[in-house]
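Peer 1: what shape does this take:
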Amino acid sequence: MERTLSFTLNGKAATVKADDERMLLWVLRSDLGLTGSKFGCGEGLCGACTVILEKEAVRACVTPLKSVAGKHVMTIEGLGQNGLHKVQQAFLSHHAFQCGYCTPGMILTAYALLLKTPHPTREQIALHLEDNLCRCAAHGRILDAVQEAAGTAKVGA
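Peer 2: Take a look at the predicted model:
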């Protein structure tokens, strides 16, 4: 059923008219022009489409639009609105990406972890990111970047 839904997107009011069963990813990408969240598997398994919903990392490809009505959604575009966030900067500093396709999802998943656990161990970071897939073999640099952003990196490591 098509209806008008309102929610907060990257700190600003957003209103869209769409089928409330339509997946959030397609509303963000096609209707609102926010292409940072990527389509990967379409089943919520790879993490390329990750966004933040009420401070939790969720997979936008399996999140129906109706579930965000009246809530706060943040995309990768919203994270760096006032300059790079420390997680984004750490990813750059550590070259924690190659092709970059998974990077927005990795960054937002790491951001959600740091909201709940500001100083996670490397093991906690690895466990939290294990469902975000990267085919470029940048996992070590990704872990290094999140550790730096959390302030838990070992000096000289």
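
Peer 1: how does this protein divide up, domain by domain?
Peer 2: Segmentation of the chain into domains, based on automatic domain parsing, reads 2-79, 86-150.

Peer 1: got TSV for those domains, with mean neighbour count and mean pLDDT too?
Peer 2: (Glycine included, C-beta is placed from N, CA and C.) As requested, those are arranged in TSV below (neighbours: other Cβ atoms under 10 Å; pLDDT from 0 to 100):
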stretch	mean neighbour count	mean pLDDT
domain 2-79	18	97
domain 86-150	19	94
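
Peer 1: chain center to the helix ranked longest in the chain, what's the gap?
Peer 2: Across the chain, the longest stretch assigned as helix under DSSP state H is helix 103-116. Computed by Cα atoms, centre = their mean, to the nearest Å, the chain-centroid distance of helix 103-116 equals 6 Å.

Peer 1: ok, and what's touching that helix?
Peer 2: For helix 103-116, contacts defined as Cβ atoms under 8 Å, 6 or more residues apart in numbering pick out 36-38, 40, 46-52, 55-57, 74-76, 79, 85, 87-88, 91, 96-97, 120, 124-125, 128-129, 132, 134, 142, 145-146, 149-150.

Peer 1: any idea how far Gln124 is from the residue nearest to the spatial centre of the chain?
Peer 2: By Cα atoms, centre = their mean, the mean C-alpha position of the chain lies nearest to Leu108, the distance being 2.9 Å. Computed as Cβ to Cβ, to the nearest Å, the Leu108 to Gln124 distance reads 17 Å.
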